[in-house]
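1. Kindly generate the corresponding structure for this input.
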Amino acid sequence: MIKARKSARTVSLHGQRHRFDRRIPPIQERPLDIILAPTAAPDPVARRAEALDTIAAVLPIDRRDKLAEILTDQDVETLKHLVNEGMGANTLRALTSDLAYLEAWCLAATETPLPWPAPEALLLKFVAHHLWDPARRETDPEHGMPTAVDQSLRDGGFLRSPGPHAPDTVRRRLASWSTLTKWRGLDGAFASPAL
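-> Numbers count the residues shown, from 1 in each chain. Next up, the predicted model:
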């Protein structure tokens, strides 16, 4: 039940007090097209940003625009589905972070979006780019993640620390990749003995 006085700046809704902006007309005074027909953004990035707004309670809002640039429409739909299914907020944030990193890495390494399902060769490339020997890199600059891929990830804010990733981080990202592949109803090569 909504209780409000004309001069009040707060509204009591279900026992909770909320502030409102008096300059915005109440819903009854707004045109129906504003309420009933939200406009869909013609730009794919803006459209994904709007879709991410629907799950903003779970995802960090300051990363929305960056996620909209990196994630595909299918990725955003998958995340919305997970929110609707009641996945925990922390789990969803971790999956979103891993998915954004995987998409950024794939774009930098192959110049194509992340394929679903990922071929075994791409999974092995991911491991090779992230688990490498720093001592060997000193003598062989081509060992590990290529410099252009590394720089692209750093420029995008996806890679911060120098050197190879921790094995647990690589394992977690592969597990997230596998989980997202299964949720799309696909089989991946994640059980390959090579991994």
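2. Surely V170 is in contact with A128?
-> No - assessed by Cβ atoms under 8 Å, V170 is found out of contact with A128, at 10.4 Å. Yep, even glycine has a C-beta here, placed from its N, CA and C like the rest.
3. the more surrounded of those two?
-> Taking neighbours as other Cβ atoms under 10 Å, V170 and A128 compare with V170 leading, 17 against 12.
4. S176 versus the more buried one, what's the distance?
-> 11 Å (Cβ to Cβ, to the nearest Å).
5. Next: W132.
-> Here the criterion is Cβ to Cβ. By it, W132 lies 21 Å from S176.
6. host element of the spatially most central residue of the chain?
-> In the chain, the C-alpha nearest the mean C-alpha coordinate belongs to T96, at 3.6 Å (Cα atoms, centre = their mean). Per DSSP states H and E: T96 is located in helix 89-110.
7. So which other helices or strands are in contact with that helix?
-> Packed against helix 89-110, as judged by 3 or more Cβ pairs under 8 Å, 6 or more residues apart in numbering; DSSP states H and E, are the following elements: helix 64-70, helix 73-84, helix 120-130, helix 147-155, helix 167-183.
8. lowest-pLDDT helix or strand in the protein?
-> helix 32-36 (a mean of 34; mean pLDDT, DSSP states H and E).
9. next helix or strand past that helix?
-> Following helix 32-36 in sequence, per DSSP H and E, is helix 44-53.
10. quick check: mean pLDDT across that following helix?
-> For helix 44-53, mean pLDDT is 71.
11. Mind giving me the packing neighbours of that helix?
-> Helix 44-53 is packed against helix 64-70, helix 73-84, with contacts defined by 3+ Cβ pairs under 8 Å, 6+ apart.
12. If you count neighbours, what's buried in stretch 148-164?
-> V149, S152, L153, G156, F158, L159, P164 (16 or more other Cβ atoms under 10 Å).
13. give the contact list for the second one.
-> Contact criterion Cβ atoms under 8 Å, 6 or more residues apart in numbering gives A104, L107, A108 as the residues in contact with S152.
14. wait, which of the residues you listed is closest to P115?
-> Nearest to P115 among the contacts of S152, counting by Cβ to Cβ, is L107 at 11.6 Å.
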